[in-house]
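1. Make a model of this:
(2 chains)
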Amino acid sequence: MISIKNISKKFGKLAVLQDINLSFQKGQCIALIGPNGCGKTTLIKSILGMVIPDNGSITFNGKSILGDYLYRNNIGYMPQIGRYPDNMTIGQIIEMIKKVRPSTTELDEELIRAFELDKLFDKQMRTLSGGTTQKVSAVLAFLFNPDVLILDEPTAGLDPLASEILKEKIIREKEKGKLILITSHLLSELDDLITEIIFMQDGQVHFHKNVTVIKAETNETRISKAIASILKAKQTTTRNS
Amino acid sequence: MNRIIKIILLDILKNKIVLAYTLILAALSWSSFALEDNSAKGLLTILNVILFTVPLVSILFATIYLYNSSEFIELLLSQPIKRRKIWTSLFLGLSLSMVLAFVVGAGIPLLINAPDSVGLMMIMVGSLISVIFVALAFLSSILTRDKAKGIGIAIMTWLFFALLFDGIVLFLLFQLADYPIEHAMVAMTALSPIDLARIQILMHLDVSAMMGYTGAIFQDFFGTAVGLIISFLLLCLWAMVPFFISLKKFNQKDL
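-> Down below sits the predicted model:
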């Protein structure tokens, strides 16, 4: 569905992405993990066209995204830190997005009710807590029933109840056969969600593997432990060499 | 396109600063007509006021507004909307509201007190100057991510065109007084939209007779229909070129 070929990006001298090759298929739920500053968000923003890679190409359903914008009709994006116009209320933001993104499909307002945001509709964005802002971001990402969901640290800042609601929502959407791309540091949260793992470090993809394969290779039942044992193995090999 | 312009326009018009700007322009215009006994003198006073305040408010307000709407731009960019459309809508929304403020504030007294070609021309020139300085604001805010730097560039731009440029022209005029530079002076005015606007209006008031030989040369050029059209085209270029450069940069920008 999305394929990324030889993407590189430099911010000044810092090479944030180096020759990345990836492809994502429908029905997959992919976790993008790696230490801070390894280029996860930049990669996501490249897919969204917010960051323009220095070279390489990204195709969405076989069409290059460069200079295109209609493909974003199929993407719901939840940013890591949602930034919204300060003086608008939650209701106005949602109304505005509905206006600028005319959609023929039925809107998915389930999360508005689940997060009880309708009670806060006339609150200004600047008065909201970080968690409530995250809820607004989540609502906007799921609102148009997109085929692809890109969630950048979706549960960071959410209380346990809200993050459980969001997780269940993600699982339901995954079962509808959507492509879901998640970045997160909380590996334990991803256990019952994901099918594939991409591990990035210093702007490069270290591995892109199926979860069952990883678990079998490492003889672990939990993702977090499996990843930990892979990283340990890597460290010892680099130390020995 | 229309939906986004509408959202931006409503947001700007809600802003009290634009209202205050309109009121100040109205107060300045009405009082200059009330102070002077003939409308030509009143026009001259308004001209100087307009050429000083309109560029300043347009460029500063637009620059600050652009920096403050970075969240809005980011939000729209993740939606299926063309980059070009977002930037153009912002430009049209800001230009329209500045022109509206000018026409309501200064245009109405001009039409009532000087309902002739000069009054109409003043409204046109003032509107163009508003749009030009909004375009320059777009250029200065795309040049740097830093808000303080961007506003600094905007103020410098205004200072250059409103004060420094005249100084440079005067300096050249005195230094090169021995040479026949009158025609070069006409070309030089094209380098500053404010001067272009000022001379265009001055030539249609009777005061140009007091400007000596250079004034006669100016009259020769700007007084004719061709000169008028050329100077209007130049003003339009002053609005379009900075905006298109900024649009090109915005299309390449990482957010």
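
2. Please make it C-alpha for all contacts and neighbour counts, starting now.
-> Will do.

3. mind checking the SS state of the closest residue to chain A within the stretch 101-250 of chain B?
-> Residue of the stretch 101-250 of chain B nearest chain A, by C-alpha to the nearest C-alpha: B:F250 (10.8 Å). At B:F250 the chain is in helix, as set by DSSP: H, G, I helix; E, B strand; the rest coil.

4. Confirm for me that it is in contact with B:I142.
-> Yes - the criterion here is C-alpha atoms under 8 Å, and B:F250 meets it with B:I142 at 6.9 Å.

5. Tell me how many other residues crowd B:Q252.
-> For B:Q252, the count of nearby residues is 14 (other C-alpha atoms under 10 Å in any protein chain shown).

6. same thing with A:P53?
-> Around A:P53 there are 23 residues (other C-alpha under 10 Å).

7. who touches it in this structure?
-> A:7-9, A:46 (C-alpha atoms under 8 Å, 6 or more residues apart in numbering or on different chains).

8. Which pLDDT does the model give the spatially closest residue to A:N74 that is not a sequence neighbour?
-> Nearest residue to A:N74 in three dimensions, chain neighbours excluded: A:P146, at 4.6 Å (C-alpha to C-alpha, 6 or more residues apart in numbering or on different chains). Confidence at A:P146, expressed as pLDDT, is 91.

9. residue ranges of the helices in chain A, please?
-> A:40-48, A:90-100, A:110-114, A:130-142, A:160-175, A:187-190, A:211-218, A:223-240 (DSSP state H).

10. Check which residues of the second one are buried.
-> Yep, that's helix A:90-100 we're talking about. Using 16 or more other C-alpha atoms under 10 Å in any protein chain shown as the test for burial, helix A:90-100 gives A:90-94, A:96, A:100.

11. cool, stretch A:180-198 as well?
-> A:180-185, A:189-190, A:193-198.

12. now do stretch B:138-158
-> Result for stretch B:138-158 [16+ other C-alpha under 10 Å]: buried residues B:138-142, B:150-155, B:157-158.

13. Show me what that stretch is in contact with.
-> B:55-56, B:59-60, B:62-64, B:66-67, B:91, B:136-137, B:242-243, B:245-246, B:249-250.

14. try stretch B:30-49
-> Residues outside stretch B:30-49 that contact it (C-alpha under 8 Å, 6+ apart) are B:28-29, B:109, B:113-114, B:119, B:122, B:198, B:201-202, B:205.

15. who in the stretch 51-200 of chain B is up against chain A?
-> Residues of the stretch 51-200 of chain B found near chain A (C-alpha under 8 Å from any C-alpha of the partner chain) are B:69, B:71-72, B:74-82.

16. sorry, back to before: now do the residue of the stretch 101-250 of chain B closest to chain A against A:V51, distance only.
-> Distance from B:F250 to A:V51, counting by C-alpha to C-alpha, to the nearest Å: 11 Å.

17. do B:F133 as well
-> Taking C-alpha to C-alpha, one finds B:F133 at 29 Å from A:V51.

18. which of those two has more neighbours?
-> Taking other C-alpha under 10 Å, B:F133 and A:V51 do not tie; B:F133 has more neighbours (32 against 18).

19. Pull the contacting residues for A:S184.
-> Shown in contact with A:S184 (C-alpha under 8 Å, 6+ apart): A:31-33, A:152-154.

20. Give me the subset of those residues that also touch chain B.
-> Here nothing survives when the contacts of A:S184 are matched to chain B using C-alpha under 8 Å from any C-alpha.

21. Report the buried residues of the host helix or strand of B:Y67.
-> B:Y67 is part of helix B:39-68, with elements assigned from DSSP states H and E. Across helix B:39-68, burial judged by 16+ other C-alpha under 10 Å covers B:39-47, B:50-67.

22. Let me see the mean pLDDT of that helix.
-> Mean pLDDT, computed over helix B:39-68, is 90.

23. Just the buried residues of whichever helix or strand comes after that helix, please?
-> Remark: after helix B:39-68, the chain's next helix or strand is helix B:70-77, criterion DSSP H and E. For helix B:70-77, the neighbour count (16+ other C-alpha under 10 Å) marks B:70-77 as buried.

24. circling back: now the two most distant members of the buried residues of stretch B:138-158.
-> Of all pairs drawn from the buried residues of stretch B:138-158, the one with the longest distance (C-alpha to C-alpha) is B:I142 and B:W158, at 16.5 Å.

25. Any idea which residue is closest to the centre of chain B?
-> Note on chain B: the residue nearest the mean C-alpha position is B:I129, at 2.0 Å, using C-alpha atoms, centre = their mean.

26. hang on, it in a strand?
-> No - using three-state DSSP, the assignment for B:I129 is helix, not a strand.

27. what packs against the lowest-mean-pLDDT helix or strand in chain B?
-> None of the helices or strands of chain B scores lower by mean pLDDT, DSSP states H and E than helix B:212-222, at a mean of 74. If you count contacts as 3 or more C-alpha pairs under 8 Å, 6 or more residues apart in numbering or on different chains; DSSP states H and E, helix B:212-222 packs onto helix B:182-189, helix B:193-204, helix B:225-252.

28. Among these, which comes closest to A:L140?
-> Taking C-alpha to C-alpha, helix B:225-252 is the member of those nearest to A:L140, at 24.3 Å.

29. Any idea how far that closest one is from the middle of the chain?
-> On the basis of C-alpha atoms, centre = their mean, to the nearest Å, helix B:225-252 sits 12 Å off its chain's mean C-alpha point.

30. what kind of secondary structure is the closest residue to chain A within the stretch 151-255 of chain B in?
-> Closest contact between the stretch 151-255 of chain B and chain A, by C-alpha to the nearest C-alpha, is at B:D254 (4.4 Å). At B:D254 the chain is in coil, as set by three-state DSSP.
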